[in-house]
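*Asks:* pasted the sequence and its predicted model underneath.
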Amino acid sequence: QVQLVESGGGLVQAGGSLRLSCAASGRTFSTYAMGWFRQAPGKEREFVAVISRDAYTTYYADSVKGRFTISRDNAKNTVYLKMNSLKPEDTAVYSCAASKTMTLLAVTYDYWGQGTQVTVSS
């Protein structure tokens, strides 16, 4: 079992930056690919970014490519999402998730955090 807890969300002006963190419990963190997803009010959950178990491979949604960076520290059982040049359309609840395979599909993730709110004002 893996428990995930996100932090770092908040209110920021357009063009600003935030760094989200996702802390995982247990000793198996390094065996999971980690993804970030987001869900805006009235919209479906969407994929944001994923990072491989060894941190060598990352993949991003087109909407965030070049602005967001996913990283992980297996020694600290933590995955990060650095978000730059934020736009109002980035406003959403951001959740991290763990999967045994590196995938963009939310249904394939085994464990989820509770989410953290990111609000970008114009």
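*Replies:* The structure has been received and is ready for your questions.
*Asks:* which one is Thr31 nearest to, not counting chain neighbours?
*Replies:* Closest residue in space to Thr31, ignoring its immediate chain neighbours: Arg53 at 6.2 Å, by Cβ to Cβ, 6 or more residues apart in numbering. For the C-beta atoms, the positions are set from N, CA and C on the backbone; glycine is no exception.
*Asks:* next: Arg19.
*Replies:* Lys82 (4.9 Å).
*Asks:* how about the strands of this protein, start to end?
*Replies:* Using DSSP state E, the strands of the chain run over residues 4-7, 10-13, 18-24, 33-39, 46-51, 58-60, 68-73, 78-83, 92-99, 111-112, 116-121.
*Asks:* reformat the ones you listed as TSV; add distance to Leu105, mean neighbour count and mean pLDDT.
*Replies:* Shown next, in TSV, are those (distance: least, Cβ to Cβ, whole Å; neighbours: other Cβ atoms under 10 Å; pLDDT from 0 to 100):
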stretch	distance to Leu105	mean neighbour count	mean pLDDT
strand 4-7	18	18	98
strand 10-13	28	13	98
strand 18-24	19	20	98
strand 33-39	9	24	98
strand 46-51	8	22	98
strand 58-60	12	17	98
strand 68-73	17	18	98
strand 78-83	18	23	98
strand 92-99	9	23	98
strand 111-112	13	18	96
strand 116-121	22	17	98
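*Asks:* show me the contacts for the most centrally placed residue in the chain.
*Replies:* With the centre of the chain defined as its mean C-alpha position, the nearest residue by Cα atoms, centre = their mean is Trp36, 2.5 Å away. The contact partners of Trp36, by Cβ atoms under 8 Å, 6 or more residues apart in numbering, come to 20, 22, 48-50, 70, 79, 81, 94-97.
*Asks:* and the residue nearest to it when sequence neighbours are not counted, how far is that from Glu6?
*Replies:* Using Cβ to Cβ, 6+ apart and skipping residues adjacent in sequence, the residue nearest Trp36 is Val48, 4.2 Å away. As judged by Cβ to Cβ, to the nearest Å, Val48 and Glu6 stand 12 Å apart.
*Asks:* shared neighbours of the two, anything?
*Replies:* With Cβ under 8 Å, 6+ apart as the test, Val48 and Glu6 both reach Tyr94.
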